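> can't give you the sequence, but here's the structure:
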């Protein structure tokens, strides 16, 4: 357990402000009227997993994550074809690469 003492101390004592100033970045936001495609493009191009969603007045509306998008996609696919998840096992890496380059 001694190996974790330094990590425990860091977690207890370190405040966020100094950490954020070292990696200060522009806040990436989404608009509540953005499409799923636009949201995925924004998250992917910025290499982020989630972003705050703002309404038309620039007020906080919620937060969207890649996980939220995957859950929604899963529900849509399951509604269209309940066996889609089993069918995905027949895909090869070449199939996925081909889709990604289109």
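Arrived safely, thanks for sending. Note that this is a predicted model, so its numbers are computed, not measured. Numbers count the residues shown, from 1 in each chain.
> could you give the mean pLDDT of the strand or helix carrying residue 71?
Using DSSP states H and E, residue 71 sits within helix 66-80. Mean per-residue pLDDT for helix 66-80: 88.
> following it, which helix or strand shows up next?
helix 84-87.
> poorly predicted segments of the chain, please.
Confidence mapping of the chain against pLDDT under 70 gives the ranges 1-3, 19-25, 97-102.
> where exactly do the strands run in it?
Assigned by DSSP state E, the chain shows strands spanning 30-31, 50-54, 60-65.
> buried stuff in the longest one?
Applying a neighbour-count criterion of 16 or more other C-beta atoms under 10 Å, the buried positions in strand 60-65 are 61, 64. C-beta here means a position set from N, CA and C on the backbone, and glycine is covered the same way.
> list the helices and strands it packs on?
strand 50-54 (3 or more C-beta pairs under 8 Å, 6 or more residues apart in numbering; DSSP states H and E).
> hmm, who's touching the strand it packs on?
27-32, 34, 39, 42-43, 60-67 (C-beta atoms under 8 Å, 6 or more residues apart in numbering).
> relative to strand 60-65, how tilted is it?
160 degrees (axes from the mean of the first three to the mean of the last three C-alpha atoms, to 10 degrees).
> could you check the angle strand 50-54 makes with helix 66-80?
80 degrees.
> next one: strand 50-54 to chain centre, how far?
10 Å (C-alpha atoms, centre = their mean, to the nearest Å).
> now residue 31: closest residue in space that isn't a chain neighbour?
residue 54 (6.1 Å; C-beta to C-beta, 6 or more residues apart in numbering).
> burial count for the one you found?
Using other C-beta atoms under 10 Å, the number of residues around residue 54 comes to 16.
> any idea how far it is from residue 71?
For residue 54, the distance to residue 71 (C-beta to C-beta, to the nearest Å) stands at 22 Å.
> now residue 92: phi and psi?
phi -110, psi 160 (degrees, to the nearest 10).
> for residue 60, give its distance to residue 51.
11 Å.
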